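Engineer: quick check, what structure comes out for this input:
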Amino acid sequence: MAGSGVVAAVARGVVLGLGVGLLAGAAAAADRGDWTAAARYRAGDVVTHAGSAWEAVAESRGRPPAAGAGVWRVLAAEGAEAPGLWNHRGAWNVAERYVANDVVEREGSGWLALRNSTGRDPAR
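Structural biologist: Numbering: from 1, shown residues only. Coordinates of the predicted model:
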């Protein structure tokens, strides 16, 4: 983990993107991988769908993750602002400016920015 306090490596069951990288999630979260219509999901299950990470807030089957659906809440939105949650920015890039709550993928792990930074490698 980076000692600078700029980023935190976290690994507790929330998969981002297309199954790449891990984030901290709810303690009871169960990583279910990519969402599928045939699977039954319970509250606390975490899936990826359309590039974002979602947590089930109610039991469902065949209801895809979507904002405002009442069954899912977004944990990390792909390339979009997610106030109060995480902003999934994809692969880390040395030239990009990152702000608190941005999440990047680097060397097979997910990294959460704790404060603004540019050029600070989260894996070092």
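
Engineer: lowest-pLDDT helix or strand in the protein?
Structural biologist: None of the helices or strands of the chain scores lower by mean pLDDT, DSSP states H and E than strand 14-15, at a mean of 32.

Engineer: separation between Val103 and Trp92?
Structural biologist: Val103 sits 10 Å away from Trp92, going by C-beta to C-beta, to the nearest Å. No exception for glycine: its C-beta is placed from N, CA and C like everyone else's.

Engineer: what segments of this protein are strands?
Structural biologist: 7-9, 14-15, 22-23, 30-34, 40-41, 45-49, 52-56, 60-61, 72-78, 86-91, 97-98, 102-106, 109-113, 117-118 (DSSP state E).

Engineer: could you dump those strands to JSON lines with distance to Arg124 and mean neighbour count?
Structural biologist: Output for those, formatted as JSON lines (distance: least, C-beta to C-beta, whole Å; neighbours: other C-beta atoms under 10 Å):
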{"stretch": "strand 7-9", "distance to Arg124": "10", "mean neighbour count": "19"}
{"stretch": "strand 14-15", "distance to Arg124": "23", "mean neighbour count": "24"}
{"stretch": "strand 22-23", "distance to Arg124": "18", "mean neighbour count": "23"}
{"stretch": "strand 30-34", "distance to Arg124": "26", "mean neighbour count": "15"}
{"stretch": "strand 40-41", "distance to Arg124": "37", "mean neighbour count": "18"}
{"stretch": "strand 45-49", "distance to Arg124": "27", "mean neighbour count": "23"}
{"stretch": "strand 52-56", "distance to Arg124": "25", "mean neighbour count": "25"}
{"stretch": "strand 60-61", "distance to Arg124": "41", "mean neighbour count": "15"}
{"stretch": "strand 72-78", "distance to Arg124": "22", "mean neighbour count": "22"}
{"stretch": "strand 86-91", "distance to Arg124": "16", "mean neighbour count": "20"}
{"stretch": "strand 97-98", "distance to Arg124": "15", "mean neighbour count": "17"}
{"stretch": "strand 102-106", "distance to Arg124": "9", "mean neighbour count": "22"}
{"stretch": "strand 109-113", "distance to Arg124": "11", "mean neighbour count": "22"}
{"stretch": "strand 117-118", "distance to Arg124": "12", "mean neighbour count": "16"}
